[in-house]
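Visitor: Sequence below, structure please.
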Amino acid sequence: MLSGGALLAIDASRGGRAQAIAEAFQTDRFIPTANENYRPIEEVARELGIIEP
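Guide: Numbers count the residues shown, from 1 in each chain. As a prediction, the model looks like this:
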């Protein structure tokens, strides 16, 4: 399993596995974030019944 640090280190310009991973996520890089940044999205998803409480 890749850690968050491993994803942040991906450089798609190197090609190979790094490029394949970046393409799977449809991106060329990753940026750091924190779980609390997604809390509003999670709350709306719970209200809509998309995810369980």
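
Visitor: Below-threshold pLDDT in this protein: ranges please.
Guide: Applying pLDDT under 70 to the chain picks out residues 1-4.

Visitor: Tell me how many other residues surround Phe25.
Guide: 12 (other Cβ atoms under 10 Å). (C-beta placed from N, C-alpha, C; glycine too.)

Visitor: right, I mislabeled it, should have said Ala6
Guide: Per other Cβ under 10 Å, the neighbour tally for Ala6 reads 11.

Visitor: Next one: it from Ile31, what distance?
Guide: Counting by Cβ to Cβ, to the nearest Å, the separation of Ala6 from Ile31 is 14 Å.

Visitor: what's around Thr27, how many residues?
Guide: Using other Cβ under 10 Å, Thr27 has 13 neighbouring residues.

Visitor: OK, contacts around the nearest residue to it once chain neighbours are set aside?
Guide: Distances taken as Cβ to Cβ, 6 or more residues apart in numbering put Ala12 closest to Thr27, at 7.8 Å, once the chain neighbours are dropped. For Ala12, the contact set (Cβ atoms under 8 Å, 6 or more residues apart in numbering) comprises Ala18, Gln19, Ala22, Glu23, Thr27, Asp28, Arg29.

Visitor: Give me the buried entries from those residues.
Guide: For the contacts of Ala12, a neighbour count by 16 or more other Cβ atoms under 10 Å gives the buried set as Ala22.

Visitor: any idea which of the contacts of Ala12 is closest to Ile50?
Guide: Closest approach to Ile50 among the contacts of Ala12 (Cβ to Cβ): Thr27, at 23.0 Å.

Visitor: Give me the secondary structure label for that closest one.
Guide: Under DSSP: H, G, I helix; E, B strand; the rest coil, Thr27 falls in the coil class.

Visitor: For Glu52, see how far away it is.
Guide: In this structure, Thr27 and Glu52 are 28 Å apart, going by Cβ to Cβ.
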